[in-house]
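heads up, no residue letters with this:
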């Protein structure tokens with residue numbers, strides 16, 4: 001009886017392994033198709049500035065910086081969104097596409113009012129670049145105003 005049980009369980013086990021392998025192959029081909037579709041409409045980008053340390057700013061000052069990037073691909077680079085990790089930091093994306101070979105800028109304004117201490121803000125950029133933009137970093141220290149008395 002044990003022999004018959006083994007004869008039925010062993011083929012069932014082997015077939016189930018084959019199904020999982022086919023599922024994995026199907027998943028891999030779906031990923032490849034998605035990556036191919038993304039790369040057909042995308043371009044490449046070289047990030048010139050990813051981090052900026054503004055040093056020290058007095059409470060209430062506005063810190064401005066423009067992160068530079070270059071379209072190294074063959075299609076126009078379209079920045080669809082730029083957002084910051086905090087409402088005190090406002091990024092401005094380019095309104096027009098950046099043509100191949102051109103340099104573009106993401107301008108960021110950080111309002112230090114009420115932000116005494118270490119500052120670490122991240123800016124997320126969404127575009128048709130593949131691979132995409134890394135997170136941009138803005139760091140520094142906000143120091144308290146000295147009383148004029």
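Sure, I can see it. This one's a predicted model, so the numbers in the text were calculated from it and none came from an experiment.

secondary structure element for residue 139?
In this assignment (DSSP states H and E), residue 139 forms part of strand 136-143.

Relative to the whole chain's centre, how far out is that strand?
19 Å (Cα atoms, centre = their mean, to the nearest Å).

which other helices and strands contact that strand?
If you count contacts as 3 or more Cβ pairs under 8 Å, 6 or more residues apart in numbering; DSSP states H and E, strand 136-143 packs onto strand 51-58, strand 62-71, strand 103-111, strand 117-127. Just so you know, the C-beta spots here come from the backbone N, C-alpha and C atoms, and that holds for glycine as well.

so can I have JSON lines of those strands showing mean neighbour count and distance to residue 80?
As requested, the helices and strands packed on strand 136-143 are exported to JSON lines (neighbours: other Cβ atoms under 10 Å; distance: least, Cβ to Cβ, whole Å):
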{"stretch": "strand 51-58", "mean neighbour count": "14", "distance to residue 80": "22"}
{"stretch": "strand 62-71", "mean neighbour count": "17", "distance to residue 80": "14"}
{"stretch": "strand 103-111", "mean neighbour count": "18", "distance to residue 80": "12"}
{"stretch": "strand 117-127", "mean neighbour count": "16", "distance to residue 80": "5"}
